[in-house]
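Asks: structure for this input, please:
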Amino acid sequence: MPLDHRRLCGPEESQPPALWAAAEDEEDEEGAGKAPRDPCALRPLFARAGLLSQAQGSAYVELGSGTKVLCAAWGPRDAAEPGPGRLICEFPGDAGVEMYDLAVGCALCRPPAPAASWMLQPAEPEERRAAARLTLALLPALNQVSAVLGGGRGGPPEDWAQALRLGLDGCHRQYPVLRQSLLRAAQRRDAAAAATAAAAAATSA
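Replies: Below is the predicted model of the structure:
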């Protein structure tokens, strides 16, 4: 049987995750004396669309808390063996996908203290200790909430309403950054296409 060279071999020795969790808890206790951050403040956000030229689509997002995410998509590709319940679509090479709006998400959490307020974009230690969590997605141009997921001991309904308002405000504040990222990616793509067309025209002439 041929070997699959695309897979990487794992390490010969491994450590239980509990060791790393204990180290994180110690770091959290050391940082417990720090002044609490503004619960309504958003972390610094950097976003860029179309980062990978080899992919059909890509996006890179970096938050001030140290979170870095790079996503890429290839395709669409024809299915090898179509089955029941599967829809196969063919798109021309210059086709795009129409969007009603850009969905912007925002996460919140509430610390276990009784008088604690909800905070935007919690870090991992804050989220682990949280008594309640809430995640929502907003379509800002349509002013429509497209997703809400929450749970925990968040207090009376008025407190949950406050969390929703805070999350919606966070989504509205992030929207210009993400929208500008998409516009810049489209401008770079159009400029590259124009340069390619100009080069092809010069070569044929």
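
Asks: tell me the phi and psi of Ala47?
Replies: Phi and psi for Ala47, reported as degrees, to the nearest 10, are phi -140, psi 140.

Asks: same deal with the one 10 residues further on?
Replies: The phi and psi values for Gly57, taken as degrees, to the nearest 10, are phi -160, psi 150.

Asks: ditto for Leu142
Replies: Reported as degrees, to the nearest 10, the phi and psi values for Leu142 are phi -90, psi -10.

Asks: neighbours of it, how many?
Replies: The number of residues packed near Leu142 is 10, by other CB atoms under 10 Å. Where C-beta positions appear, they are placed from N, C-alpha and C, glycine not excepted.

Asks: what separation is there between the nearest residue to it once chain neighbours are set aside and Ala137?
Replies: Spatial nearest neighbour of Leu142, excluding adjacent residues (CB to CB, 6 or more residues apart in numbering): Asp101 at 5.1 Å. Counting by CB to CB, to the nearest Å, the gap from Asp101 to Ala137 is 10 Å.

Asks: ok, back up a step: I'd say the residue nearest to Leu142 and Ala141 touch.
Replies: Yes - in this structure, Asp101 is within contact of Ala141 by CB atoms under 8 Å, at 4.5 Å.

Asks: settle it for me: which of those two has more neighbours?
Replies: Counted by other CB under 10 Å, Asp101 and Ala141 do not tie: Asp101 has more neighbours, with 15 against 12.

Asks: part of a helix, is the more buried one?
Replies: No - secondary structure of Asp101 (DSSP: H, G, I helix; E, B strand; the rest coil): coil, not part of a helix.
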